[in-house]
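Enquirer: quick one, what's the 3D model for this:
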Amino acid sequence: MYAVALPETPCLLLDMDAFERNVAQMAQSIVGAGDKRWRPHVKAIRAPSLALRLIAAGACGVTCATVGEAQAMVAAGIADVLIASNVVTPEALEALAELNRTSQVMVAVDSPAHVHRLAGAARRAGVTIGVLIEVDVGLKRSGVAPGDAASELGRIVQAEPTLALRGLMAWEGHTTRIADAKAKAEAIRHSVRHLTQTARHCTQVGLPIGIVSCGGTGTYETASLLPGVTELQAGGGVFGDRRYRTEFHVPLRQALVLRATVMSRPTARRIVCDAGWRAMGVYPTPPQPVGLPGTTHIAHAAEHLTLTCEHDVFGFGIGDRIDLEVGYADATVFLHDAIHGIRNGVVEEIFALPARLH
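Expert: Prediction:
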């Protein structure tokens, strides 16, 4: 245990018991019941020491959104990384190539332009970069169309001697908010079928497809059980934030809170605290104060969070602490330098967030 007091507010606190239960639940679904590899996305987790805990729980590596995230994970000793985004700028391409001198850092592509840029960076560095073709299965963001478009791009990758085609990936994120459980599961199956059928097509035309990757926290319970999928990217759910629980309907435990200090009590129903948007992401899911009765209206400013309560609130005097359930960890964690792991009210570990991730 750390013999230190909690830091100045606002600060992030991680309930280690809830975090570990979420990790165990996700690992059991993906690795245990699903017999899939688990490559959790760390765009919300960010702390390399937390990512290492997921690997200890059964993950095979990590998924990142940026080269900077990948650099932090490789520096911590994680040598199997997927960047599930396109890498485009010369500086990022050079950094990606450098990472592949010591580690396997794969990257997603959906265009010949990406392929040629990657191949040039790999050639200049004297390395080979692993590539996954991103397939659009309905999200309408990045990705090539399923079927022939994916295999044609795969052939372009194969023609580059400094690149290695590793497989396919997709994100069925458009299915996450479907409230009806049966309708959601069917939508996930329908979307992922585009990916797995494309994988079979690519294999039939002679392309090496070792990885078929999909599945985020909002879909992992269904995606874990789908044939043809080899690994899942679900990661942010280990924090169990409100977005996953209330909008994506995933049964996880809230593990991450922002602790704030009460700055003002102008009325019996109004609390002003130091949890403004400089410390707490307010979009797409707002935070929820802990311990306040009834409905609370939340108004955000840069340094202030104003809570207007449905009923008179006793306690929570000036200088007292108030906790807020994080609405969306992806929009909050990157605002901080560290996460404080708490067990039984004591700081058990401080998880540093590397400067390059801010």
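Enquirer: give me phi/psi at A24?
Expert: phi -60, psi -40 (degrees, to the nearest 10).
Enquirer: enumerate every residue touching it.
Expert: A57 (Cβ atoms under 8 Å, 6 or more residues apart in numbering). All C-beta spots, glycine's among them, are computed from the backbone N, C-alpha and C.
Enquirer: rerun that using 10 Å as the cut-off
Expert: Contact analysis of A24 by Cβ atoms under 10 Å, 6 or more residues apart in numbering lists 32, 57-58, 238.
Enquirer: same check on L225?
Expert: For L225, counting by Cβ under 10 Å, 6+ apart, the contacting residues are 29-30, 33-36, 185, 189.
Enquirer: can we see that at 7 Å?
Expert: The contact partners of L225, taken as Cβ atoms under 7 Å, 6 or more residues apart in numbering, are 33-34.
Enquirer: which SS state does it fall under?
Expert: Following DSSP: H, G, I helix; E, B strand; the rest coil, L225 is assigned to coil.
Enquirer: list phi and psi for it.
Expert: Note on L225: its backbone torsions stand at phi -100, psi 0 [degrees, to the nearest 10].
Enquirer: can you pull out the low-pLDDT segments for this protein?
Expert: The chain contains residues with pLDDT under 70 at 1-5, 355-358.
Enquirer: ok, longest strand in it?
Expert: strand 256-267 (DSSP state E).
Enquirer: and the next helix or strand past that strand?
Expert: Using DSSP states H and E, the next helix or strand after strand 256-267 towards the C-terminus is strand 270-273.
Enquirer: can you give me the buried ones in that following strand?
Expert: If you call a residue buried by 16 or more other Cβ atoms under 10 Å, then strand 270-273 has these buried ones: 271-273.
Enquirer: between the contacts of A24, which has the most around it?
Expert: Highest neighbour count within the contacts of A24: V238, with 34 neighbours (other Cβ atoms under 10 Å).
Enquirer: ok, it - contacts?
Expert: Here V238 is in contact with 19, 22-23, 26, 45, 54 (Cβ under 7 Å, 6+ apart).
Enquirer: what helix or strand is the closest residue in space to it that isn't next to it in sequence on?
Expert: Sequence neighbours aside, N22 is the residue nearest to V238 in space, at 4.8 Å (criterion: Cβ to Cβ, 6 or more residues apart in numbering). For N22, the enclosing helix or strand under DSSP H and E is helix 16-27.
Enquirer: so what strands line up beside the following helix or strand past that helix?
Expert: Going down the chain from helix 16-27, the next helix or strand is strand 37-38, by DSSP H and E. If you go by DSSP bridges, strand 37-38 pairs up with strand 231-232 (parallel).
Enquirer: and the contacts of the strand it pairs with?
Expert: For strand 231-232, the surrounding residues in contact (Cβ under 7 Å, 6+ apart) are 30, 36-39, 60, 211, 213-215, 220, 223-224.
Enquirer: just the buried ones from those residues, in PyMOL syntax?
Expert: Listed next is the PyMOL selection for buried residues among those, using 16+ other Cβ under 10 Å:
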select buried, resi 30+36+37+38+39+211+213+214+215+220+223+224
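Enquirer: any chance of the contacts of strand 231-232 in JSON lines, plus distance to A119?
Expert: Formatted as JSON lines, the contacts of strand 231-232 follow (distance: Cβ to Cβ, whole Å):
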{"residue": "I30", "distance to A119": "33"}
{"residue": "K36", "distance to A119": "30"}
{"residue": "R37", "distance to A119": "27"}
{"residue": "W38", "distance to A119": "30"}
{"residue": "R39", "distance to A119": "24"}
{"residue": "C60", "distance to A119": "26"}
{"residue": "I211", "distance to A119": "19"}
{"residue": "S213", "distance to A119": "22"}
{"residue": "C214", "distance to A119": "26"}
{"residue": "G215", "distance to A119": "29"}
{"residue": "Y220", "distance to A119": "33"}
{"residue": "A223", "distance to A119": "31"}
{"residue": "S224", "distance to A119": "34"}
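Enquirer: show me which of the contacts of strand 231-232 is closest to C309.
Expert: Y220 (35.7 Å; Cβ to Cβ).
Enquirer: just checking, that closest one touches V31?
Expert: No. Under the criterion of Cβ atoms under 7 Å, Y220 is not in contact with V31, lying 11.1 Å apart.
Enquirer: need the residues touching each of the two.
Expert: Counting by Cβ under 7 Å, 6+ apart, Y220 and V31 have no shared contacts at all.
Enquirer: can you tell me the SS state at the nearest residue to C64 once chain neighbours are set aside?
Expert: Counting by Cβ to Cβ, 6+ apart, C64 lies nearest to A70, which is 4.6 Å off, once chain neighbours are set aside. Put simply, A70 is helix when judged by three-state DSSP.
Enquirer: tally of neighbours for A70?
Expert: Applying other Cβ under 10 Å, we find 27 residues neighbouring A70.
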